[in-house]
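Asker: from the sequence below, what's the structure:
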Amino acid sequence: MQSGLLSYLAASIDYNVPRFGGAIGLPVTRSSTGTSNINNTKISVLCSSSIGPENFVLSFALRASTINRVFDYGKLVFGDQIDPVPGTVSGSSGGANALPFNNKFYFDSGFGTNLVVGDFNIGVALQHLNFINMMI
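Answerer: Residues are numbered from 1 along each chain as shown. Take a look at the predicted model:
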């Protein structure tokens, strides 16, 4: 794979729990992008439930996630490394020193609800309820 391209993988498993009219899900995603290999791994747990008869259904879901972000400071490219004529990067290594916190974990959460009344359908989803700072 060439450096700088986006790579994204996702997998999920869901289990229907009829006792409470819902399901539990475990999605996992992994992405890698950029010349400095920004890697994100996200593992989530989803719980959903629905109540009401067929012509009036209220559904809701909760999501809790942990995100791991890894950043390779040794592969950063700075402006003085780029040859302005051909636009290529010279062979010199980046001037950034590796920082002690290139591997961070974050907690993230979300909530969603949906109402179906006959043919009318309306819903809302709120993501990043805890206002995470994903900067490394």
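
Asker: how many neighbours does G22 have?
Answerer: Using other C-beta atoms under 10 Å, the number of residues around G22 comes to 19. (Each C-beta comes from the backbone N, C-alpha and C, glycine too.)

Asker: and what of G112?
Answerer: Other residues close to G112 by other C-beta under 10 Å number 16.

Asker: quick one: pLDDT of the spatially closest residue to it that is not a sequence neighbour?
Answerer: Leaving out its chain neighbours, the residue that sits closest to G112 by C-beta to C-beta, 6 or more residues apart in numbering is A125, at 3.8 Å. At A125, the pLDDT value in this model is 96.

Asker: next: D72.
Answerer: Reported pLDDT at D72 in the predicted model: 73.

Asker: find the nearest non-adjacent residue to it, please.
Answerer: Excluding the flanking residues, the one nearest D72 by C-beta to C-beta, 6+ apart is N37, at 4.4 Å.

Asker: mind listing the strands for the protein?
Answerer: Ranges of strands within the chain are 4-17, 22-34, 38-51, 56-70, 103-117, 120-127, based on DSSP state E.

Asker: which other residues reach the first one?
Answerer: Just to be clear, that refers to strand 4-17. Contact with strand 4-17 is made by 1, 22-35, as judged by C-beta atoms under 8 Å, 6 or more residues apart in numbering.

Asker: in ChimeraX, how would I select just the buried ones from the residues you listed?
Answerer: Applying 16 or more other C-beta atoms under 10 Å to the contacts of strand 4-17, the buried members can be selected in ChimeraX as follows:
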select :22,23,25,27,29,32,34
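
Asker: against R63, how distant is the residue nearest to G112?
Answerer: Distance of A125 to R63, computed by C-beta to C-beta, to the nearest Å: 9 Å.

Asker: and for P53?
Answerer: Taking C-beta to C-beta, one finds P53 at 26 Å from R63.

Asker: isn't the residue nearest to G112 right up against L62?
Answerer: No. Under the criterion of C-beta atoms under 8 Å, A125 makes no contact with L62, lying 11.2 Å away.

Asker: common neighbours of the two, please.
Answerer: Residues touching both A125 and L62 (C-beta under 8 Å, 6+ apart) are G110, F111.

Asker: the closest residue to N55 other than its chain neighbours: neighbour count?
Answerer: Setting aside the residues directly before and after it, N55 is nearest to G118 in space (C-beta to C-beta, 6+ apart), at 5.6 Å. By the measure other C-beta under 10 Å, the count of residues near G118 is 8.
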